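[1] I'd like to go over a predicted model; first the sequence, then the structure.
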Amino acid sequence: MDDLIQEFLTETAENLNALDQDIVRLEQNPNDTDLIGRIFRLVHTVKGTCGFLGLPRLEKVAHHSENIMGRYREGSLKVTEKSVSVILESFDRIKVIVAGIAATGAEPAGDDSALIAKLDAIYEGKEAAPTAKAEAKNEMNPPVQEAPDSAKNQAAAHAQAAMEEKTLRVSVDVLENLMTTVSELVLSRNQILQILRTQTDSPFAAPLQRLNLVVSELQESVMQTRMQPIGNAWSKLPRIIRDISVELGKKINLEMRGNETELDRQVLELIKDPLTHMVRNSADHGVESPAERQAAGKDEEGTVLLNAFHEGGHIIIEISDDGRGLNSDKIRKKALEKGVATEEQLKAMTDQQVQQFIFAAGFSTADKITAVSGRGVGMDVVRTNIEKIGGTVEMKSVWTKGTTFTIKIPLTLAIVSALIVEVGAERFAIPQISVRELVRLSSSGENKLEEIHGTPVMRLRDRLLPLVSLRKILKLEDVQSEESKARNKQVIVAQVGANTFGIIVDRVFDTEEIVVKPVSPILKNLRLFSGNTILGDGSVIMILDPNGIANAVGNMAAVEAESGKKSEKDRVMSDADRKTSLLIFKAGAGAPRAVPLSLVSRLEEFDVKKIEVSGSQKVVQYRGKLMPLVPFQANMALKAQGNQPVLVFSDGERSMGLMVDEIVDIIEERIDVQITAENNRGLLGSAILHGQAMDVVDVGYFLSAAHNDWFGSKGKAGFEQEGGQKKILLVDDSPFFRNMLSPMLGIAGYQVISSSSAQEALALCNDGEKFDIIISDIEMPGMNGYDFARKVKANDSKWKDVPLVALSSHATAHDLDRGKEAGFNDYVAKFDRDALLLSIAQIGEAA
Amino acid sequence: MTTGIKGVVSGGTKEFLTMTVAGQLFGIPVLQVQDVLGERKVTKVPLAPKEVAGSLNLRGRIVTAISLRHMLCMDGSSRDAKTMYIVVDHQGELYSLIVDSVGEVLSLPDRDFENTPATIDHSWRELALGIYRLKDQLLVILDVPAMLEKLYVRDENAA
């Protein structure tokens, strides 16, 4: 018999048993809407599956009883004893038919028209025909209208018995136990085999080989108990597609391939809903109406294709349609409208990137992209659900050609592939899914560990990668000698959400399939571990949680992308007492200089022979482009040979290099800058750092020296058209940021007034000062930014219409929401100069 | 107390497994003991409370090893002593108590039992159920569930 039918029978038998009980209870509580709903769903399920399996007789009976349940549900029909009797009769009929299918594999012949007539009579509101009464009395032994001979009943009974024997309900605990025991057996076998290898001519060789095979088979079978064909999750889809096509007048053909592909039951349950959602989307929004399709030169009938297959320890599920695809232009427009991205950003994006917006939270749930093409409703939920189980979703869409979603999910949640690493004498497992790549630290060249004063960073292709020492965060001994041994270390580039960071480990062994076990309750608070496991050699090993690591080293958001060099330690510190990571260098005469590390993109050394002169400007070929080099001091003596150390500042496509004599250190200090005289160009002022006076560099000055339009291109353009300078109020308790941002905003064409606290700013408000934009820090002593925003946006405030931009080192989605809630119009990461200027420009234009 | 009285005691008896840590004799109710293990590899758990010595593998189950020495704030290292593990079950989780040596199972009459003297160090008092007067020494009965609960609590506080 067909597996599918077999399964249907098991399921239906269970459902019917439940139905009998429910309907009897319904008779007693005719107003229990939950109960009615449940019965309706059960009957509906039976009906739906029948339709799919091609069991017309069963479907018909189920359909007509479902109709009645439908009216019950609406409340337009009263639950009466008589009607319930007829429904029960119909259930009994279903049982007889099901038994027939179980016995012969096909629907038994028979005529249900009398029963259906009765059902319809009730449906139409007439009480059941008198015959129903008589039958209801012996409902436990229902008459089978088509010659109910006892032999047939017996056959059915036998068949049912046989069916029940074939499947057995086993509690998951028992299976888990079995799995554990088998794992242990496998371990023991491995050990024995290991011993055997050292012995020649062992009399155990042959029996052990056999044992080996048997154990492998056993292991496989036990694994099998958890596996189910993906077809189970798909069984409802044909109906959904059919409903949609009827409803929308489309012609849709659902093709399903790889039904038998098996995956872990737990995973199956979790992907069922996202999958249904996506298929519905494909049919609803992807496939066009027959007329549209014809006009586009396509076959009238659209196709939604589901394809599941195994690929390297993962299950790949593809959902594709040959519909209209995603219209990138419309998404662009929508993204702009929603403020998800700026025009500049959108311009730089490929269609593919733009299409990914449909996964953005709230992108189209609130508002469809257009009335016709609203693909993306709840896609963020779909993605979240799939990512929860360690899977990924990708989408490719070609306008007018169709869309393909590719879901990649692990075979099972219990077993994950993990990288085994060593730090000190301890080994740890890191889930492979969050590992991007492995980099060996070398003493020279690109992959050099530039760890200075506890803030390790590494250059990885075109960005600085913040590094986290596993040894340090796990507080393993021997921290001192770490730096000296740095050269043999490996860096695991891990990705958590949008943040990428490197984890320094001593050694990387291999990947191993591990069974994740939860940690003991007394260790639950160690967020760095997601579980523990037993390796093939029998040793226990802790599983690292990259999420936990990211959290442990602070909010990684500030370390992201272009400005990605703020160290984790610094992040933690700046929360506590606002220390800033500063890069200390020597250049020309005078004290060492300091520049916020967060502004530096890279540290480079160029061979002086490679430095060329173009016009009056020194340039160097850098990553296929010419990068201007600016000496820190015009009269600074530059090296005649060897390598010239350069601090590289980048901004999108543009870079500039600041030539210095020597990079000294990276320190973390609270800085308090005192503005120096005007004539000291290029410096913000001096500060006492590390007990020494140092000049703090005004990066903006050098940036504009290298590119005259550095700040202007984006910020200024929009403003000069407006005419007149916009007035900005900058509220930040840190003098350093005030001093850094004021000139920068000044260069961009704004008039800046700064204020060192929220209270001070509110005083200005009371004095009747007017501003076009207010930029405020979040973490401030006294009144914080959120409270400030609430005050500013309060109804009685003079400033309630002034746009507010939050500036913070926290820029996670949560902070963003909180900021918006408090009344901020935008929320920008503190070091994201571009984002700040863009945000101001946009808000300025809108105002 | 004399041995003579022991035999004629009318009250019940209880069975305890004895163990030593830093020379002190301890006992736990024998029914709480799942297993006694000899020397084996323990994986350290970084950042864990100092009482947690690590985890070990007992027939495919991961057992958290608790150092009784640390738990009871006792001095000395167990380096020269042989390490033994007494595996106990607490709320479905396995824990193993690290001790220097495991003694025998004693059946002790209830009348030899006394409550923990109030003068004893606080850290001991809350972890001890009471004391049995043995012939030549005193046996401190440990409250294993209380001991593990204490670790739970401490852990939450640390968070």
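    Thanks, I have the structure now. Source: prediction; values computed, not measured. Numbers count the residues shown, from 1 in each chain, chains lettered A, B, ... in the order given.
[2] can you get me a residue count around residue A:513?
    Neighbour count for residue A:513, taken as other CB atoms under 10 Å in any protein chain shown: 14. All C-beta atoms are positioned from the backbone trio N, CA, C, and that covers glycine.
[3] same question for residue A:613.
    9.
[4] check the contact between it and residue A:619; I expect there is one.
    Yes: judged on CB atoms under 8 Å, residue A:613 makes contact with residue A:619 at a distance of 7.2 Å.
[5] residue A:438 bridge partners, please.
    residue A:492 (DSSP bridges).
[6] for it, what are its contacts?
    Applying CB atoms under 8 Å, 6 or more residues apart in numbering or on different chains, we find residue A:438 in contact with A:419, A:490, A:491, A:492, A:493, A:508.
[7] distance of the fifth one from chain B?
    With the distance defined as CB to the nearest CB, to the nearest Å, residue A:493 ends up 22 Å from chain B.
[8] who touches that residue in this structure?
    A:435, A:436, A:437, A:438, A:439, A:460, A:465, A:500, A:501, A:502.
[9] adding pLDDT, write the contacts of residue A:438 out as a markdown table.
    Listed next are the contacts of residue A:438 as a markdown table, based on pLDDT from 0 to 100:
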| residue | pLDDT |
| --- | --- |
| A:419 | 91 |
| A:490 | 86 |
| A:491 | 89 |
| A:492 | 90 |
| A:493 | 90 |
| A:508 | 89 |
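[10] circling back to that earlier point, so which of the contacts of residue A:493 belong to strands?
    A:435, A:436, A:437, A:438, A:439, A:460, A:465, A:500, A:501, A:502 (DSSP state E).
[11] quick check, nearest of those residues to residue A:655?
    If you rank the ones in strands among the contacts of residue A:493 by distance to residue A:655 using CB to CB, residue A:460 comes first, at 16.5 Å.
[12] which parts of the stretch 251-400 of chain A are helices?
    Under the criterion DSSP state H, counting those that start in this stretch, the stretch 251-400 of chain A contains helices at A:265-281, A:290-295, A:328-338, A:343-348, A:351-355, A:379-388.
[13] using CSV, write out every CA atom in the first one.
    Put plainly, it is helix A:265-281. What follows is helix A:265-281 as a C-alpha-only set of coordinates in CSV (Å, rounded to 0.1, in the frame of the first residue of the first chain):
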residue,chain,number,x,y,z
ARG,A,265,10.6,15.4,13.3
GLN,A,266,11.3,18.4,15.4
VAL,A,267,12.6,20.4,12.5
LEU,A,268,9.7,19.3,10.4
GLU,A,269,7.3,20.7,12.9
LEU,A,270,9.1,24.0,13.0
ILE,A,271,9.3,24.6,9.2
LYS,A,272,5.7,23.5,8.5
ASP,A,273,4.3,27.0,9.0
PRO,A,274,7.0,29.0,7.3
LEU,A,275,6.7,26.7,4.4
THR,A,276,3.0,27.0,4.1
HIS,A,277,3.3,30.7,4.3
MET,A,278,5.8,30.9,1.5
VAL,A,279,3.9,28.6,-0.8
ARG,A,280,0.8,30.6,-0.2
ASN,A,281,2.8,33.7,-1.0
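[14] mind listing what's buried along it?
    A:265, A:267-268, A:270-272, A:274-281 (16 or more other CB atoms under 10 Å in any protein chain shown).
[15] where in chain B is pLDDT low?
    B:1-11, B:76-81, B:153-159 (pLDDT under 70).
[16] for the residue positioned nearest the centre of it, give me phi and psi.
    By CA atoms, centre = their mean, chain B has its centre lying nearest to residue B:142, at 5.2 Å. Main-chain torsions, residue B:142, degrees, to the nearest 10: phi -90, psi 140.
[17] run through the residues of chain B sitting next to chain A.
    B:41-49, B:52, B:54-57, B:59-62, B:64, B:91, B:93, B:95, B:148, B:151-152, B:155-156, B:158-159 (CB under 8 Å from any CB of the partner chain).
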